[in-house]
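# got a predicted model here, sequence first, then my questions.
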Amino acid sequence: MDTISLIQGNILTPVVLFFILGIVATRVKSDLKIPEAISSILPIYLLAAIGLHGGVEMRKTGLENVAIPILVAVVLAIALTVYHYQILRRLGKFNFFDSYALASTYGSVGAITFSVGLIFLRNLNIESEGFLAAVLAVLEPVSLTFCIFMVNRSILKQKKSQISKTGTVNEKEVSKQSNDRDTNSIVDAAEETSHSMRKILHDSITGKAIIILLGSIVIGYLIGEHGFASIEPVFEDMFAGAVAIFLLEMGLVAGQRLGEVKKVGIFLLGFAIVVPTINGILGVVVAYLMGLSMGGSIMFGLLLGSASFIAAPAVLRTAVPQANPSLYITAGLGITFPYNIIALLPIMYIVASKLYA
């Protein structure tokens, strides 16, 4: 099956069609809305289902077999984030804050994209390693925390440089604050940055998405297959339907963002497609070399090729307020997410098929 045929077949699946329906509903100005109670519970349900499966699989596989994929994923996430930043800053000519915000968005992972990937494999009757849910949980905060640390570190470095040269800090240039400070302010700045990083790290690790995902992994590990059997009808049989309804909501949101796609510029449009493709194929190859199954390699590639459009905006709006949210939200949700679920998954499947032939 060639790539075009696979993409066409992928489009005609329930989850993708529900996503397209959401976009169409928005563009025709329908009053279709997902009730707030349902839109709030669906992400929790999906993360819990992914985590439970991951925990059960980790118990079957053994913790020692999970350590290497997690370590490799973390190293790759940080390395890719650095190269994202260099591309955006040097080639795209984005400012310092937007470059780091976009870099962390594409260095982080998309749990919803991960859910769609599982459905994609299920439709093809392909199994994947359930412990990749643990990789998902670890990668979620890594890139965001790393980039925020680098932003704060750079701001503090600029403050030190200005103080050493002039004895004062030009806060308008450095951090958009109004008042200059004397030399003693460097101590306050250092303490402020340290406190900020501790808070960001705490919020990243204790955010509801990470807590429910990690907690579900632990629960799945403790109960094993026998314990999971009692809740399987809820967390197995209903999973595909829940993903479809959530994709309907994502389609509604993405439809609202389509008008902003032309505003992000040709460079960012290309970045939001080319970079996930390169990262995804790299992930497939690395997973193959690590000895993961064909399904596992596709899911590992999807982790590296996805962008965070839920967790990242929530963190970045507070941690890097100088960055333009329209850029990283529109790029992640309006461009990369549709591309990933419609085209990148089939592309990675083709690559994996050739590797595992």
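Structure's in. What do you need?
# which parts of the stretch 201-350 of the chain are strands?
Here the stretch 201-350 of the chain has no strands by DSSP state E, counting those that start in this stretch.
# point out where it drops to low pLDDT.
201, 203-207 (pLDDT under 70).
# then the stretch 51-200 of the chain?
159-160, 162-200.
# quick check: residue 344 touching residue 277?
Yes - counting by Cβ atoms under 8 Å, residue 344 does reach residue 277; the two are 6.2 Å apart. Every residue, glycine included, has its C-beta placed from N, CA and C.
# which residues are in contact with both of the two?
residue 305 (Cβ atoms under 8 Å, 6 or more residues apart in numbering).
# more neighbours: those two, which one.
residue 344 (26 against 18; other Cβ atoms under 10 Å).
# what distance do you get for that one to residue 255?
Residue 344 is 20 Å from residue 255, where distance means Cβ to Cβ, to the nearest Å.
# in the chain, which residue is most central in space?
In the chain, the residue lying closest to the centroid (Cα atoms, centre = their mean) is residue 109, at 2.2 Å.
# can you tell me the helix or strand for that one?
If you go by DSSP states H and E, residue 109 is not part of any helix or strand.
# now it: how far from residue 122?
Relative to residue 122, and taking Cβ to Cβ, residue 109 is found at 20 Å.
# and if you look at residue 54?
Separation of residue 54 from residue 122 (Cβ to Cβ): 15 Å.
# flag every buried residue along stretch 340-356.
By neighbour count on 16 or more other Cβ atoms under 10 Å, the buried set for stretch 340-356 is 340-352.
# typo on my end, stretch 4-20
For stretch 4-20, using 16+ other Cβ under 10 Å, the buried residues are 6-7, 10, 13, 15-16, 18-20.
# how about residue 38: what's its closest non-neighbour residue?
Here the nearest residue to residue 38 in space, its sequence neighbours aside, is residue 245; by Cβ to Cβ, 6 or more residues apart in numbering that works out to 7.2 Å.
# thought that neighbour was touching residue 41?
No - look at residue 245 against residue 41 with Cβ under 8 Å: they stay out of range, at 10.5 Å.
# phi first, then psi, for residue 238.
Per-residue torsions, residue 238: phi -90, psi 0 (degrees, to the nearest 10).
# hang on, the earlier thing: and residue 245 and residue 41? which has more neighbours close in?
Between residue 245 and residue 41, residue 245 has the larger neighbour count (other Cβ under 10 Å), namely 16 against 12.
# quick one, what contacts the more buried one?
So residue 245 contacts 18, 34, 38, 42 (Cβ under 8 Å, 6+ apart).
# widest-spaced pair of those?
18 and 38 (13.6 Å; Cβ to Cβ).
# flag every buried residue along the helix or strand harbouring residue 71.
For residue 71, the element it lies in under DSSP H and E is helix 64-86. Buried residues in helix 64-86, defined by neighbour count with 16+ other Cβ under 10 Å: 66, 69-70, 72-74, 76-77, 80-82, 84-85.
# out of these, which comes closest to residue 334?
The closest of those, once distances to residue 334 are taken by Cβ to Cβ, is residue 84, at 17.9 Å.
# for residue 78, see how far away that closest one is.
11 Å.
# check residue 153 too.
On the measure of Cβ to Cβ, residue 153 and residue 78 end up 14 Å apart.
# with residue 54 instead?
Counting by Cβ to Cβ - residue 54 and residue 78 are separated by 22 Å.
# okay, buried residues for stretch 276-285 please.
For stretch 276-285, by 16+ other Cβ under 10 Å, it's 276-277, 279-285.
# what distance separates it from the centre of its chain?
14 Å (Cα atoms, centre = their mean, to the nearest Å).
# what does that stretch rub up against?
76, 80, 106, 297-298, 300-307, 336, 339-340, 344, 347-348, 351-352, 355.
# for it, list the C-alpha coordinates in CSV.
Taking C-alpha atoms only, stretch 276-285 is exported to CSV below (Å, rounded to 0.1, in the frame of the first residue of the first chain):
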residue,chain,number,x,y,z
PRO,A,276,7.6,16.8,12.8
THR,A,277,8.2,14.7,9.7
ILE,A,278,12.0,14.6,10.3
ASN,A,279,11.5,14.0,14.0
GLY,A,280,8.9,11.3,13.5
ILE,A,281,11.0,9.3,11.0
LEU,A,282,14.0,9.7,13.3
GLY,A,283,12.0,8.3,16.1
VAL,A,284,10.9,5.3,14.0
VAL,A,285,14.5,4.5,13.1
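# okay, residue 38: pLDDT?
Listed pLDDT for residue 38 reads 90.
# please tell me how far it sits from residue 116.
In terms of Cβ to Cβ, residue 38 sits 18 Å off from residue 116.
# between these two, tell me which one has more neighbours.
More crowded of residue 38 and residue 116, by other Cβ under 10 Å: residue 116, with 27 against 13.
# give me the element the more buried one is part of.
Going by DSSP H and E, residue 116 is in helix 111-123.
# and that helix, C-alpha only, in PDB?
What follows is helix 111-123, C-alpha atoms only, in PDB (Å, rounded to 0.1, in the frame of the first residue of the first chain):
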ATOM      1  CA  ALA A 111      -1.200  13.100  24.600                       C
ATOM      2  CA  ILE A 112      -4.200  13.400  22.300                       C
ATOM      3  CA  THR A 113      -2.000  12.700  19.300                       C
ATOM      4  CA  PHE A 114      -0.700   9.700  21.100                       C
ATOM      5  CA  SER A 115      -4.300   8.500  21.600                       C
ATOM      6  CA  VAL A 116      -5.000   8.900  17.900                       C
ATOM      7  CA  GLY A 117      -1.900   6.900  17.200                       C
ATOM      8  CA  LEU A 118      -3.200   4.000  19.300                       C
ATOM      9  CA  ILE A 119      -6.400   4.000  17.300                       C
ATOM     10  CA  PHE A 120      -4.500   4.100  14.100                       C
ATOM     11  CA  LEU A 121      -2.500   1.000  15.000                       C
ATOM     12  CA  ARG A 122      -5.700  -0.800  16.300                       C
ATOM     13  CA  ASN A 123      -7.300  -0.200  12.900                       C
END
